[in-house]
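Student: Please find the sequence and the predicted model below.
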Amino acid sequence: MLHKFSMTKTADTEPEIAVKVLVDKIIFSGKLSRRDHKLLTIFVYDDNDVTEGDRRQVNRVFDHIQTGQLKLIDW
């Protein structure tokens, strides 16, 4: 794993930044694990106010899965 990830949300913009960092890590590694999926789900859907930026980041992951650029591991 490239970096440790904190699951706390402390400011309005930090969750969006955290989602981007996680998505970048997933895409860079080319792998989506159950843990990554769970973290992404927590960050995006635990907060009822999903931003357009969050939505774009999640779509990046979906796009990479659909094009075969992401491998699902530990499922």
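Tutor: On my side now, so go ahead.
Student: Assign a three-state SS to Gly68, would you?
Tutor: Of the three states, Gly68 takes coil according to DSSP: H, G, I helix; E, B strand; the rest coil.
Student: Also Asp49?
Tutor: Per three-state DSSP, the local secondary structure of Asp49 is coil.
Student: Next, the buried residues of the helix or strand where Gly53 lies.
Tutor: Secondary structure assignment for Gly53, by DSSP states H and E: helix 52-66. Buried positions in helix 52-66, judged by neighbour count with 16 or more other CB atoms under 10 Å: Asp54, Gln57, Val58, Val61, His64. Every residue, glycine included, has its C-beta placed from N, CA and C.
Student: How about residues contacting it?
Tutor: Surrounding helix 52-66, the residues in contact under the criterion CB atoms under 8 Å, 6 or more residues apart in numbering are 15-16, 19-20, 23, 26-27, 32, 40, 43-44, 70, 72.
Student: Following element in sequence after it, please.
Tutor: Counting by DSSP H and E, the element after helix 52-66 in chain order, helix or strand, is strand 71-73.
Student: what's that next one packed up against?
Tutor: The criterion is 3 or more CB pairs under 8 Å, 6 or more residues apart in numbering; DSSP states H and E, and the helices and strands that strand 71-73 contacts are strand 31-33.
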